[in-house]
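**Q** one predicted model, sequence on top.
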Amino acid sequence: MAVKKTNGRLSGAKKAGSQAGKAKAESDRKLQRDAETRRERSQQQSESKKKHGAVQAGQRKYPEPKLPRQHLQKPGLESELKPRPQYQAPDYRGSGKLEGMAALITGGDSGIGRAVAVLYAREGADVAIVYLSEDEDAEETRGAVEAEGQRALLLPGDVTDPEFCRGAVEAAVNEFGRLDILVNNAAFQEHAESLEDITDEQLDRTFRTNIFGYFYMARAALRHLKEGGCIVNSGSVTGIQGSKDLLDYSATKGAIHAFTKSLAQNLMDKGIRVNCVAPGPVWTPLNPADQDAEKVAEFGSDVPMKRPAQPEELAPAYVFLAAPSCSSYISGEIFPVLGGEAVG
């Protein structure tokens, strides 16, 4: 009888366990159905509210793809680009963050460099503008800097020449009496579908402009930068994620990121900060002077914000990294500005 009772108890426990399991499974399925219903409802509401086109999170509307089909001859004149890049940042209010300072910006005639020059001037800095040969663009940038009440110095030349870099720095110091900020921003890029398509000449030009030029300018500037001075380099999302069609350019941008971190460590004891802004797609002459017209029309559409940045949207990051009042404890950092792109 005892054995039968035990078996009965086991049988009863098994039955109860089975019922509990079924009840739990049904409860799980109910939770699943409820969650799926909520998701469907949320997706429907999201679709009905979804904004078609690019994300516009600023104080004024920016151009969206499809942009006009166009192709520029290198080095690319901003005055020929349509629509014109927006660089004046009318909603940005200066507050003297760079009062009494002097900056030198390579590639300062157009694109990001021009927008940075304008905001540096708005914050109280005099600006030396290094550029290749785009005199028309450089004169417009000079006018914009002077309209902010600051001095501008135009320095045409080639940053791949170390002698020119030394001379440009000396000219800026002679003009302004000091140098507090160096922005390395000049760049060369040329798309290529295959490694075999990259000639020795292109490889040499890309590296000499994008990384040798940064070394040359930083080396020339160091004798004049004092404690509290800074260097801000222009990197790129391609230096973080790579780019299958920009093998040489991406390699130089990765080198710039490593150069930034290494130089920051090297100059720490001197109180000179070194940082880098790594932009995603930005509407400047660089890409329309590189890609075919059809690709230019879609430029920037593949980032989460579905549009390229305008130069004035990048420039405040350069102000932040240059201003001691904002970033005195920041050095050796890569500052991504990628239109919502998540990077590791």
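**A** Great, that's in hand.
**Q** now do the helices in the stretch 201-344 of the chain.
**A** Assigned by DSSP state H, counting those that start in this stretch, the helices in the stretch 201-344 of the chain fall at 213-222, 238-241, 247-267, 293-297, 311-322, 324-327.
**Q** switch these over to CSV; also include mean pLDDT, distance to residue 277 and mean neighbour count.
**A** C-beta here means a position set from N, CA and C on the backbone, and glycine is covered the same way. Shown next, in CSV, are the helices of the stretch 201-344 of the chain (pLDDT from 0 to 100; distance: least, CB to CB, whole Å; neighbours: other CB atoms under 10 Å):
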stretch, mean pLDDT, distance to residue 277, mean neighbour count
helix 213-222, 98, 13, 22
helix 238-241, 93, 11, 20
helix 247-267, 97, 10, 20
helix 293-297, 50, 23, 15
helix 311-322, 97, 5, 23
helix 324-327, 98, 12, 14
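**Q** as TSV, these with distance to residue 19 would be great.
**A** What follows is these, written out as TSV (distance: least, CB to CB, whole Å):
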stretch	distance to residue 19
helix 213-222	73
helix 238-241	54
helix 247-267	62
helix 293-297	64
helix 311-322	62
helix 324-327	65
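**Q** looking at those, which is nearest to residue 197?
**A** Nearest to residue 197, of all the helices of the stretch 201-344 of the chain, is helix 247-267, at 9.3 Å by CB to CB.
**Q** may I have the beta-bridge partners of the residue positioned nearest the centre of the chain?
**A** When CA atoms, centre = their mean is applied to the chain, the residue found nearest the centroid is residue 279 (1.3 Å). For residue 279, the beta-bridge partners under DSSP bridges are residue 337.
**Q** so what's it scoring on pLDDT?
**A** pLDDT, residue 279: 93.
**Q** over to residue 41?
**A** Residue 41 carries a pLDDT score of 74 in this model.
**Q** all numbers from here: first residue = 36
**A** Renumbered: residue one is now 36, and that last one reads residue 76.
**Q** wait, is it part of a strand?
**A** No. Residue 76 is assigned helix when assessed by DSSP: H, G, I helix; E, B strand; the rest coil, not a strand.
**Q** and the strands in the stretch 36-185 of the chain?
**A** 137-141, 161-166 (DSSP state E, counting those that start in this stretch).
**Q** tell me which strands the last one pairs with, and in which orientation.
**A** Put plainly, it is strand 161-166. Sheet pairing for strand 161-166, assigned by DSSP bridges, gives strand 137-141 (parallel), strand 187-191 (parallel).
**Q** per-residue confidence averaged over it?
**A** Mean predicted lDDT for strand 161-166 stands at 98.
**Q** over to the shortest one?
**A** What strand 137-141 shows for mean pLDDT is 98.
**Q** can you list contacts of it?
**A** With contact meaning CB atoms under 8 Å, 6 or more residues apart in numbering, strand 137-141 is reached by 148, 151-152, 155, 160-166, 194, 203-204, 207-208, 211-221, 248, 252, 256, 357.
**Q** which of the residues you listed are buried? Put it as a ChimeraX command.
**A** Buried members of the contacts of strand 137-141 can be picked out in ChimeraX with the line below, counting by 16 or more other CB atoms under 10 Å:
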select :148,151,152,155,160,161,162,163,164,165,166,194,203,204,207,208,211,214,215,216,217,218,219,220,221,248,252,256,357
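**Q** what's near enough to touch the closest residue to residue 315 other than its chain neighbours?
**A** Excluding its sequence neighbours, the residue lying closest to residue 315 (CB to CB, 6 or more residues apart in numbering) is residue 373, at 3.9 Å. Shown in contact with residue 373 (CB under 8 Å, 6+ apart): 272, 313, 314, 315, 338.
**Q** can you redo those as JSON lines with distance to residue 295?
**A** Formatted as JSON lines, the contacts of residue 373 follow (distance: CB to CB, whole Å):
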{"residue": "272", "distance to residue 295": "15"}
{"residue": "313", "distance to residue 295": "10"}
{"residue": "314", "distance to residue 295": "14"}
{"residue": "315", "distance to residue 295": "18"}
{"residue": "338", "distance to residue 295": "23"}
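**Q** any idea which of those is closest to residue 234?
**A** Distance to residue 234, by CB to CB, is smallest for residue 272 among the contacts of residue 373, at 25.0 Å.
**Q** for residue 292, see how far away that closest one is.
**A** 11 Å (CB to CB, to the nearest Å).
**Q** and residue 89, how far from residue 54?
**A** Distance, residue 89 to residue 54, using CB to CB: 56 Å.
**Q** of those two, give the one with the bigger neighbour count.
**A** Using other CB atoms under 10 Å, the more surrounded residue of residue 89 and residue 54 is residue 89, with 20 against 10.
**Q** count of neighbours near the closest residue to that one other than its chain neighbours?
**A** Nearest non-adjacent residue to residue 89, counting by CB to CB, 6+ apart: residue 342, 3.6 Å away. Using other CB under 10 Å, residue 342 has 21 neighbouring residues.
**Q** right, and residue 342 touches residue 317 too?
**A** No. Here residue 342 lies out of contact with residue 317, judged by CB atoms under 8 Å, at a distance of 10.6 Å.
**Q** hang on, the earlier thing: read off the pLDDT value for the residue nearest to residue 89.
**A** According to the prediction, residue 342 has pLDDT 83.
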